[in-house]
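Peer 1: From the sequence below, what's the structure:
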Amino acid sequence: MELPDFVKQAQEKIQQSLPEAKIDQATIDKIMSLVPEDLVSKIPSVVRNHAITKTIEKVASEHPDLYKKFTENGPVSEETRTKMAEAVRNIFSQKMDKHHMN
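Peer 2: Okay, here's the model as predicted:
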């Protein structure tokens, strides 16, 4: 296999693994407003932005129906907000357990 072929295959695999949803700052802000500040403050500031972005990407891929409701303009129902808050907290808790941050 030629190197250009390998690079092309690698790029295709990377593109396939990316979430279909585009993550924008307004959506991140809407979702992160549901997360308690003390939970976010436990994440080291050096990696906080990365952790938040990757968590939102994971939510978008695991809960596309919830994520879609947060990307739309207008208010989000209380039930949807509760489900999203639980999903984000669960992902943060899993990551914090994995990195021994609890």
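Peer 1: For residue 29, which residues are in contact?
Peer 2: Neighbour list for residue 29: empty [criterion: C-beta atoms under 8 Å, 6 or more residues apart in numbering]. Heads up, the C-betas are built off the backbone N, CA and C, glycines and all.
Peer 1: Mind listing what's buried along the longest helix that the chain contains?
Peer 2: Among the segments of the chain that qualify as a helix by DSSP state H, the longest is helix 78-98. Judged by neighbour count using 16 or more other C-beta atoms under 10 Å, the buried positions of helix 78-98 are 81, 83-84, 87-88, 91-92.
Peer 1: got CSV for the residues you listed, with pLDDT and distance to residue 53 too?
Peer 2: CSV is the format used below for the buried residues of helix 78-98 (pLDDT from 0 to 100; distance: C-beta to C-beta, whole Å):
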residue, pLDDT, distance to residue 53
81, 95, 20
83, 95, 21
84, 95, 16
87, 94, 16
88, 93, 12
91, 92, 12
92, 89, 13
